[in-house]
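> quick one, what's the 3D model for this:
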Amino acid sequence: MQIYLVGGAVRDQLLGITVKDRDWMIVGAEPQQLLDLGYQQVGADFPVFLHPQTHEEYALARTERKSGHGYQGFDCRFSPDVTLEQDLLRRDLTINAIAMDENGQLYDPYQGQRDLEQRLLRHVSPAFSEDPLRVLRVARFAARFANLGFQVAAETMQLMQQMVADGELEHLVAERVWQETRRALGEDRPDVYFQVLRECGALALWFGEIDALFGVPQPPQHHPEIDCGIHALMSLQAAVRLSDDTAVRWAALTHDLGKALTPESEWPRHIAHEARGKQPLKRLSERLKAPKDATELALLGCEWHTHVHRALELKAATILKLLDGTDAWRRPERFEQLLVVATADSRGRTGFENVAYPQADYLRTAFELARQVSAKDMVARGLTGKAIGEALAQEREQQLGEWISQQRQG
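Below is the predicted model of the structure:
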């Protein structure tokens, strides 16, 4: 029985990145041998075991054979005669197909170290095309390692394009697509994930509402980057600099979907794009089965981002409309998320990446002032029923109006 450290742990160690999770592969063993040693079996489709002390995962060496569509359509074979090279051959990328034995000796039959040096994401074998989820995984790795200079190898991109053309990605289930997307949103360069998907054609298939933004122009005086798709990716990158919240990042990416529906005769202006964007956003969220928090924030970002941008010129009544419409009174933390999304939108423009965004602090102050007036104050005055809400809104509007006057005079 031989034990090897495999996959991301070896890759990250060679890149000088802190190793978070370690996976092990065992050659020349039967399941019963591990059970006798105290390992706990957890794999249903193929034997994966938890070490009795470290609880790290140990898998028996195996081969895979395509037996159907999608990422689950595989027959796995494991036995003591499966070699190290055979197990590594089934892996997705050469940089993930390097093994290290217990003495630190590296085994690299598919030139993964060379591709690490050349900063290439290259598939191990043509069997890559048998698993459509690998297209999304490659895009996610591209996002993770973009800042280290990694790119998708040309032949791997061609294979991914062919997989999309052959309809393989249509067999993916929404939950897995969102899972990969959520993980990509947590990387340092999630914009690269969507760029890679666009290049291979997967963006149009699974994220068509985002893909439709590319090629749609905006007024250059407000958007020097002009292209709506580029602005969406720049907004996402601005959100990365502001927050590690994946819901915020998703909302920043999707806030302008309505611009793809603007008639060409109205370009480069996009009147009422806020309202237009809600339906495509709902379709996209339903297709991906995106979680409720991300969807709700994205819808608020879509509908209200322009109000936030215009905060310094809004009347008190309109600010209250914004606070009511976003349910800021009951969900102040989500209102704060919306302000971050709007800031990302503003900074997601060429030349505006580091420009101050006073609207956010302005609205934070306005919200705190308005919140000082409570329903309890109205009850204390002897008001009941509908009169409480009317008086509350009137009092808040008056207080905000006085504050706004002071700000503008100052």
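> by mean pLDDT, which helix or strand of this protein comes out lowest?
strand 74-78 (a mean of 68; mean pLDDT, DSSP states H and E).
> report the next helix or strand after it in sequence order.
Sequence-wise, the next helix or strand downstream of strand 74-78 (DSSP states H and E) is helix 84-89.
> list the contacts of that following helix.
2, 4, 6, 25, 27, 61-63, 97-99, 107, 109-110, 124-125, 127 (CB atoms under 8 Å, 6 or more residues apart in numbering). Using the backbone N, CA and C atoms, a C-beta is placed for each residue, glycine as well.
> 6 Å instead, please
25, 27, 61, 63, 97, 107, 109, 125 (CB atoms under 6 Å, 6 or more residues apart in numbering).
> dump that helix to CSV, restricted to CA.
Provided in CSV are the C-alpha atoms of helix 84-89 (Å, rounded to 0.1, in the frame of the first residue of the first chain):
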residue,chain,number,x,y,z
LEU,A,84,-0.7,6.0,-9.8
GLU,A,85,-0.4,7.2,-13.4
GLN,A,86,-3.9,5.8,-14.2
ASP,A,87,-5.5,7.7,-11.3
LEU,A,88,-3.7,11.0,-12.2
LEU,A,89,-4.8,10.5,-15.9
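> so where's the longest helix in this structure?
helix 386-409 (DSSP state H).
> quick one: average pLDDT of that one?
For helix 386-409, mean pLDDT rounds to 92.
> residue ranges with poor pLDDT in this protein?
Within the chain, the segments meeting pLDDT under 70 span 43-46, 65-76.
> please enumerate the strands of it.
2-6, 23-27, 40-41, 48-50, 57-60, 62-66, 74-78, 99-101, 106-107, 120-121, 151-152 (DSSP state E).
> relative orientation of the first one and strand 23-27 in degrees?
It stands for strand 2-6. Counting by axes from the mean of the first three to the mean of the last three CA atoms, to 10 degrees, strand 2-6 lies at 150 degrees to strand 23-27.
> send the alpha carbons of strand 2-6 over as CSV?
Below are the C-alpha coordinates for strand 2-6, written out as CSV (Å, rounded to 0.1, in the frame of the first residue of the first chain):
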residue,chain,number,x,y,z
GLN,A,2,1.4,3.4,-1.1
ILE,A,3,0.0,6.7,0.0
TYR,A,4,0.4,10.0,-2.0
LEU,A,5,-0.6,13.6,-1.4
VAL,A,6,-2.5,14.7,-4.5
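> tell me the domain ranges of the protein?
1-117, 207-371 (automatic domain parsing).
> to residue 156, which of those lies closest?
Closest approach to residue 156 among the domains of the chain (CB to CB): domain 1-117, 8.0 Å.
> span of the closest one from start to end?
32 Å (CA to CA, to the nearest Å).
> same check on stretch 283-300?
15 Å.
> run the chain-centre distance for that stretch.
12 Å (CA atoms, centre = their mean, to the nearest Å).
> can you give me the buried ones in it?
Going by neighbour count (16 or more other CB atoms under 10 Å), the buried part of stretch 283-300 is 284, 285, 288, 290, 294, 295, 296, 297, 298, 299, 300.
> go on, stretch 247-259?
Buried residues in stretch 247-259 (16+ other CB under 10 Å): 247-259.
> identify all contacting residues around stretch 248-256.
By CB under 6 Å, 6+ apart, the list of residues contacting stretch 248-256 reads 185, 232, 235-236, 239, 281, 294, 297-298, 301-302, 305, 337, 340-341, 344-345.
> how about the helices in the stretch 101-250 of the chain?
112-118, 133-145, 154-165, 174-185, 190-200, 202-206, 208-211, 228-242, 246-254 (DSSP state H, counting those that start in this stretch).
> just say which of those helices is most tucked in.
helix 246-254 (a mean of 28; mean count of other CB atoms under 10 Å).
> what's the angle between it and helix 190-200?
Using the same axes, to 10 degrees, helix 246-254 lies at 50 degrees relative to helix 190-200.
> quick one: distance of helix 246-254 to the chain centre.
With CA atoms, centre = their mean, you get 8 Å for helix 246-254.
> with only the CA atoms kept, save that helix in CSV.
Output of helix 246-254 as CSV, limited to C-alpha atoms (Å, rounded to 0.1, in the frame of the first residue of the first chain):
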residue,chain,number,x,y,z
THR,A,246,-20.7,37.0,-2.6
ALA,A,247,-24.3,38.5,-2.6
VAL,A,248,-22.8,42.0,-3.0
ARG,A,249,-20.5,40.8,-5.8
TRP,A,250,-23.4,39.1,-7.6
ALA,A,251,-25.6,42.2,-7.3
ALA,A,252,-22.8,44.4,-8.6
LEU,A,253,-22.4,42.2,-11.6
THR,A,254,-26.1,42.0,-12.5
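> between it and helix 174-185, how big is the angle?
Using the same axes, to 10 degrees: helix 246-254 against helix 174-185 is 90 degrees.
> for the longest helix of the chain, which residues meet the burial criterion?
So, applying 16+ other CB under 10 Å, buried residues of helix 386-409: 388, 391, 392, 393, 395, 396, 397, 399, 400, 403, 404.
> want to throw these into CSV with distance to residue 172?
Output for the buried residues of helix 386-409, formatted as CSV (distance: CB to CB, whole Å):
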residue, distance to residue 172
388, 51
391, 54
392, 49
393, 48
395, 53
396, 48
397, 50
399, 52
400, 49
403, 52
404, 51
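> hmm, which two among those are most spread apart?
It's 388 and 404 that sit farthest apart of those, by CB to CB, at 24.2 Å.
> nearest spatial neighbour of residue 200, chain-adjacent residues omitted?
residue 160 (4.0 Å; CB to CB, 6 or more residues apart in numbering).
> wait, that neighbour touches residue 137, no?
No - between residue 160 and residue 137 there is no contact under CB atoms under 6 Å: 10.5 Å.
> out of the domains of the chain, which one sits most buried?
domain 207-371 (a mean of 19).
> can you give me the end-to-end span of it?
End-to-end for domain 207-371, by CA to CA: 39 Å.
> returning to what we had before: would you list the helices of the stretch 101-250 of the chain in CSV and tack on distance to residue 57?
Below are the helices of the stretch 101-250 of the chain laid out as CSV (distance: least, CB to CB, whole Å):
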stretch, distance to residue 57
helix 112-118, 20
helix 133-145, 18
helix 154-165, 27
helix 174-185, 18
helix 190-200, 26
helix 202-206, 29
helix 208-211, 35
helix 228-242, 30
helix 246-254, 25
